[in-house]
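Q: Just the structure for this:
(2 chains)
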Amino acid sequence: MTRRYESRIARPRTVLHIRGTPIVSVLLGSALAPLLPIVAQTPLLPPFGLMVFLAWRVLRPEIWPLWAGVPLGLFDDVMSGQPIGSAVVLWTVILLAFDLENQRHFWRDYWHGWFIATLALAFALAGGWLIVHLAGQGGSLVQILPQLAYSIGFFPLIVRLCAALDRWRLP
Amino acid sequence: MAPPSKRRPGYDRKAQYGLFASYVIAIVGALVGLLLLAISIVDPTGFSALRSAGAEITRPVASNLRALVVGIGNFDEAVAAYINAGSQNAALRRQVEANRTRLIEADAIRQENSRLKRLLRLTESDTGVAAAGHLISSTSTSAARLARLDVGHAQGVQPGMPVRAPEGLVGRVIRSGPHTADVLLLIDEGNVVPVRRTSDNIPGISSGRGDGTVEIRALNTERNPFRPGDVVVTSGIGGLYRPNIPVAVVARLEGDKAIAIPLANPSRVELVVVQTPFRPVEAARESAAQAQAADTGAP
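A: Got it, this is the predicted structure:
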């Protein structure tokens, strides 16, 4: 019995391990699109980087400093092929909105987390489409609706993944 | 569940300043982001060093995975071919018989064609191939339809070069790094290609719709001249794309435009060729000859 619990509490963890895990998971999520050998004809994959970013924010509201969207968003822009600056703006606006929302609504639960993540994903995908449209590329707005639908559907799975990572990263 | 209260620092001055500073940094960051955004919308080829660094990092993984996926795709086709081998064999044999005569006819036409072209002094000396490569990945999370090539300016790929596959036109290069390049696909709204119908040379403009199809508008007719099944090829007007590259086949009509399906499906093509931009030298030579003729005829 002691052996069973020994391995789970008070494990040795470096600061890099504790602070770095969420950051690395977001970077990997962002890098997934150019790593996968899919030549998509419509927006096919959900925005994994943003979803991991939001999942950590929903799980642990204190984890991202308000400016975290700037460096992480910049990396996401380099990887995703959006015009540079797109995710920098959208992710920062989302973090500021979450912060404001936290001050207004004190109590949170599972459905609340999913709901605000849904709003954030809809805002980010529509904003991303608008930016690409302003740059004269892309297609019609209708084509992001399937992507939005399964981003929302997949979100609880990403939260589960981040929760597992959270248990692994903390001592 | 109640949130932790770190965002309410109370009387702790240091925590208050820290919180205020994080707001300031976030808002300044967002404004800088807006500035970057404006720059990258005005100049889509900007920040190419940053982008190509990212592309170079992900290139080895993506190209290896791509090889794996293509192998798997071929495997499943090979199995399917074994299952209906008998009937397929008979059908293919009939097709070969039919094609043989056509091939001989085509050969004769090609010879005649080259003879006539020589007469007109229109013979093209170069095929314009700059490099050959594979499409290894794409912007599958973004609304922009870009694909990534595994060749870059080390192999001679420059922004603006057209990209084609054996099946037809794929797009044009908009950014190139040392060993990678981004291709704006034919199916993106930003890609406009002058085309003509193969049967009667009716000129048109093809532009992407972002959902795997392109729309084709006729240039100079009131009503829509296209019919489902029409094949359009590049016309070579305005340079950039060489003439007679297959573009798309019309699927249906929508008002004054035709919705067409590209002949080269970017998610299925294996090898693509980057061509040098087409400059219609013949046209220039012709107009020069006409001007000369006008000069000598005038006095």
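Q: what packs against the helix or strand where B:R217 lies?
A: Assigned by DSSP states H and E, B:R217 falls within strand B:214-218. Judged by 3 or more Cβ pairs under 8 Å, 6 or more residues apart in numbering or on different chains; DSSP states H and E, strand B:214-218 is in contact with strand B:203-208, strand B:246-254, strand B:257-262. No exception for glycine: its C-beta is placed from N, CA and C like everyone else's.
Q: Tell me how far B:P166 lies from chain A.
A: According to Cβ to the nearest Cβ, to the nearest Å, B:P166 stands 16 Å off from chain A.
Q: that older thread, would you turn the helices and strands packed on strand B:214-218 into CSV with mean pLDDT?
A: Formatted as CSV, the helices and strands packed on strand B:214-218 follow (pLDDT from 0 to 100):
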stretch, mean pLDDT
strand B:203-208, 91
strand B:246-254, 90
strand B:257-262, 91
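Q: now the ones you listed as JSON lines including mean neighbour count and distance to chain A?
A: Formatted as JSON lines, those follow (neighbours: other Cβ atoms under 10 Å in any protein chain shown; distance: least, Cβ to the nearest Cβ, whole Å):
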{"stretch": "strand B:203-208", "mean neighbour count": "20", "distance to chain A": "7"}
{"stretch": "strand B:246-254", "mean neighbour count": "18", "distance to chain A": "13"}
{"stretch": "strand B:257-262", "mean neighbour count": "21", "distance to chain A": "9"}
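Q: Which one of those strands lies nearest to B:V151?
A: strand B:257-262 (21.4 Å; Cβ to Cβ).
Q: Touching that closest one from outside, list them.
A: Residues outside strand B:257-262 that contact it (Cβ atoms under 8 Å, 6 or more residues apart in numbering or on different chains): B:168-169, B:186-187, B:206, B:209, B:212-217, B:224, B:226, B:230, B:232, B:247-253.
Q: A:F98 is in contact with A:E62, isn't it?
A: No - applying Cβ atoms under 8 Å as the test, A:F98 and A:E62 come out as separate, 11.5 Å apart.
Q: more crowded one of those two?
A: More neighbours surround A:F98 than the other of A:F98 and A:E62, with 19 against 11 (other Cβ atoms under 10 Å in any protein chain shown).
Q: Now do whichever residue of chain A sits closest to chain B against B:I187, distance only.
A: Nearest residue of chain A to chain B: A:G139, at 1.4 Å (Cβ to the nearest Cβ). Applying Cβ to Cβ, to the nearest Å, the value for A:G139 to B:I187 is 8 Å.
Q: Local confidence estimate at residue 8?
A: As the question left the chain open, I've gone with chain A. At A:R8, the model reports a pLDDT of 69.
Q: To clarify, I was referring to chain B.
A: B:R8 is assigned a predicted lDDT (pLDDT) of 65.
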